[in-house]
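Novice: pasting the sequence and the predicted model now:
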Amino acid sequence: TIDGSVDSTAVLTGLTIQNSSSGGVSCNGDPTISHLRVKDHEGRGMSFSNADVSLSHVEVIGNSYSSNGAGIYVSNSTVNILDAIVKRNRSTNGNGGGFHIEESTVTMDSSRVTDNYAKNSGGGLHASNSTVTITNSSVVRDTSDNSYGGGIYSNSTTLVLNNVRVDSNQTDNYGGGLFMDNDTLIATNTTFNHNATEDGNRQGGGVYLAGNNTSHTFDRCRIQYNTAGIYGGGVRIESNINAVFTNTLITDNELTLSNGTRYGGGIYDNSSANNNRTFTNVTIANNTADYGGGYYRASGVSSQFIN
């Protein structure tokens, strides 16, 4: 445990902490942590509360916890992360297998979040009421079993993704790669590929956008080779959503429901006429559905397509 009396001059480095029946690292102070391996705990790998921390060259692997944030739990903190590997962590009855972030500011660069599991939302990362910036990183092969966001679940959060792979994730519900709810998203040069919703009537294989008057931008992104059941193989847009897509590929997405009608292989757009959806220099091709193979627009929706 690193308590609140520890300031930024303290350095924890060069250790392996493993195989405890509780958590690996619990921190309420402001240290610098580097070259640390935290693995195989029957509790959270790392937990930060009311902390201001820098993490670099850290591995958080194979931890299991019955509630939120088996890998790294962040609450009311500022955490800067460089070159982290967060993998094979399991939240067996909670959210955020790899990360659970609440009411915090987190920046992550050159990191891998992979092969994590959450019983509920956010197999790789669960964020709420936070600002999260991820750069030059990957969120891949993560799973949520009983709720939303196989790779990332975000609620009331500003999420910035720059050169990130959100690929090969899956969920039993909505948003195989990414589920956004009442958020702001800025995604640049980011892929949402090969993600899946597992149950037949589920929606938003690559990306699911939900909420009320929220703003989402996709620039130079790829949303490809995703699968969902009934709506939005690539992207599912709920009502009251503002979304801008620029220089983006939305291709080769598929709806797989076998005993019903499938809508919007590439995009299913159910947002209202009062909101803005603009597609500029966007390629929508080779997607599969019964209606709206590329793009399905619900009644009353108004979108702009510009080349």
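Specialist: Structure received. Everything numeric in this text was worked out from a predicted model, so none of it was measured. Residues are numbered from 1 along each chain as shown.

Novice: write down the beta-bridge partners of residue 18, one by one.
Specialist: residue 39 (DSSP bridges).

Novice: now do the contacts for it.
Specialist: 24, 37-41 (C-beta atoms under 8 Å, 6 or more residues apart in numbering). In short, each C-beta sits where N, CA and C put it, glycine included.

Novice: residue 232: what's it in contact with?
Specialist: Contacts of residue 232 (C-beta under 8 Å, 6+ apart): 203-205, 208, 255, 263-264, 267-268.

Novice: before we move on, what about residue 269?
Specialist: 237, 277, 295-298, 301, 303.

Novice: tell me the one of the contacts of residue 232 nearest residue 195?
Specialist: Closest approach to residue 195 among the contacts of residue 232 (C-beta to C-beta): residue 205, at 5.7 Å.

Novice: isn't the closest one up against residue 225?
Specialist: No. Residue 205 lies out of contact with residue 225 (C-beta atoms under 8 Å); the separation is 9.0 Å.

Novice: show me where the stretch 1-150 of the chain dips below the pLDDT cut-off.
Specialist: Filtered on pLDDT under 70, the stretch 1-150 of the chain yields the residue ranges 1-11.

Novice: apologies, that question was intended for the stretch 201-307 of the chain.
Specialist: Applying pLDDT under 70 to the stretch 201-307 of the chain flags the ranges 299-301.

Novice: and the helices in it?
Specialist: Counting by DSSP state H, counting those that start in this stretch, the stretch 201-307 of the chain has no helices at all.

Novice: which parts of it are strands?
Specialist: Along the stretch 201-307 of the chain, counting by DSSP state E, counting those that start in this stretch, strands occupy 207-210, 214-219, 222-224, 227-228, 235-237, 241-246, 249-251, 254-255, 267-269, 277-280, 283-285, 295-297, 303-306.

Novice: can you list these in a markdown table and add distance to residue 71?
Specialist: Formatted as a markdown table, the strands of the stretch 201-307 of the chain follow (distance: least, C-beta to C-beta, whole Å):
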| stretch | distance to residue 71 |
| --- | --- |
| strand 207-210 | 23 |
| strand 214-219 | 26 |
| strand 222-224 | 26 |
| strand 227-228 | 27 |
| strand 235-237 | 27 |
| strand 241-246 | 30 |
| strand 249-251 | 31 |
| strand 254-255 | 31 |
| strand 267-269 | 32 |
| strand 277-280 | 35 |
| strand 283-285 | 36 |
| strand 295-297 | 37 |
| strand 303-306 | 38 |
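
Novice: what count of nearby residues applies to the closest residue to residue 60 other than its chain neighbours?
Specialist: Take residue 60 and drop its neighbours on the chain: the residue closest to it by C-beta to C-beta, 6 or more residues apart in numbering is residue 45, 4.1 Å away. Per other C-beta atoms under 10 Å, the neighbour tally for residue 45 reads 30.

Novice: and the gap between residue 45 and residue 100?
Specialist: 11 Å (C-beta to C-beta, to the nearest Å).

Novice: what do the two both touch?
Specialist: Counting by C-beta under 8 Å, 6+ apart, the residues touching both residue 45 and residue 100 are residue 72.

Novice: against residue 217, how distant is the closest residue to residue 153 other than its chain neighbours?
Specialist: Of all residues not flanking residue 153 in the chain, residue 122 sits nearest, at 3.5 Å (C-beta to C-beta, 6+ apart). Noted for residue 122: a distance of 21 Å to residue 217, by C-beta to C-beta.

Novice: okay, those two: which has more neighbours?
Specialist: For the pair residue 122 and residue 217, the greater number of neighbours falls to residue 122 (37 against 17), based on other C-beta under 10 Å.

Novice: list the contacts for the more buried one?
Specialist: 95-97, 99-100, 144, 148-149, 152-153, 179.

Novice: secondary structure class for it?
Specialist: Under DSSP: H, G, I helix; E, B strand; the rest coil, residue 122 falls in the coil class.

Novice: how near is it to residue 151?
Specialist: 8 Å.

Novice: ok so, going back, just the contacts of residue 122 now: which is nearest residue 111?
Specialist: Nearest to residue 111 among the contacts of residue 122 is residue 99, at 10.1 Å by C-beta to C-beta.

Novice: contact partners for residue 138?
Specialist: So residue 138 contacts 111-114, 164-167 (C-beta under 8 Å, 6+ apart).

Novice: ok, now which ones touch the residue lying closest to residue 291 once chain neighbours are set aside?
Specialist: Spatially, and ignoring its direct neighbours in sequence, residue 291 is nearest to residue 263 (5.0 Å; C-beta to C-beta, 6+ apart). Counting by C-beta under 8 Å, 6+ apart, residue 263 touches 230-232, 255, 289-292, 296.
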